[in-house]
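[1] sequence and predicted structure are below.
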Amino acid sequence: MAHCDLATGKIYGCKKGTFAWWHEKGHLEYNKTVLSGNLAIFQQLAFYVWMFSTTLMIFNRFMAFVSLPALFIYVGADVYEELWCNKYANRNLYK
C-alpha cells in the first residue's frame, strides 16, 4: 500500500510515475497549502464537538443535531483531501 512520510517527503510502496505515486505526491503538495492547515484545525475542532456531543446524547437526544453535522465535517475533511490528491494525480499523470 502506497503511503508518504510528510516529515521526510519520501513516498513508499509504489513506483514513481504511477497514479498511486502522484496521489501520494499530492498529499505532500496538499500539506504545503494554507488550506490544509486551516482545514486540519477545523477538522480537529469538529472531532472534539462530535465526541462531546455524542457523549451528551446520553442525557439529551437533541445533541444528535450537533453530533451529526460535526461527524460529516470531520469525515468530509478527509474525503476532500483524498479528492484533492486524486485530482492532482490525474492532472500530472495525464499531462
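    The structure has been received and is ready for your questions.
[2] following the helix or strand that contains residue 30, which helix or strand shows up next?
    Per DSSP states H and E: residue 30 is located in helix 19-32. Once helix 19-32 ends, the next helix or strand along the chain (criterion: DSSP H and E) is helix 34-56.
[3] give the other helices and strands that that next one contacts.
    Under the contact criterion of 3 or more C-beta pairs under 8 Å, 6 or more residues apart in numbering; DSSP states H and E, helix 34-56 touches helix 64-93. (C-beta placed from N, C-alpha, C; glycine too.)
[4] what is the helix it packs on packed up against?
    By 3+ C-beta pairs under 8 Å, 6+ apart, helix 64-93 packs against helix 19-32, helix 34-56.
[5] just how off-centre is the first one within its chain?
    Just to be clear, that refers to helix 19-32. How far helix 19-32 lies from its chain's middle: 12 Å, per C-alpha atoms, centre = their mean, to the nearest Å.
[6] setting aside sequence neighbours, what's the nearest residue to the most centrally placed residue in the chain?
    Closest residue to the average C-alpha location of the chain: residue 78 at 2.6 Å, with C-alpha atoms, centre = their mean. Nearest residue to residue 78 in three dimensions, chain neighbours excluded: residue 43, at 7.5 Å (C-beta to C-beta, 6 or more residues apart in numbering).
[7] my read: the one you found touches residue 74, true?
    Yes. Residue 43 is within contact range of residue 74, at 5.8 Å (criterion: C-beta atoms under 8 Å).
[8] now do the contacts for residue 20.
    2, 13-14, 89 (C-beta atoms under 8 Å, 6 or more residues apart in numbering).
[9] residue 47 contacts residue 74, doesn't it?
    Yes. Using C-beta under 8 Å, residue 47 is in contact with residue 74, at 5.1 Å.
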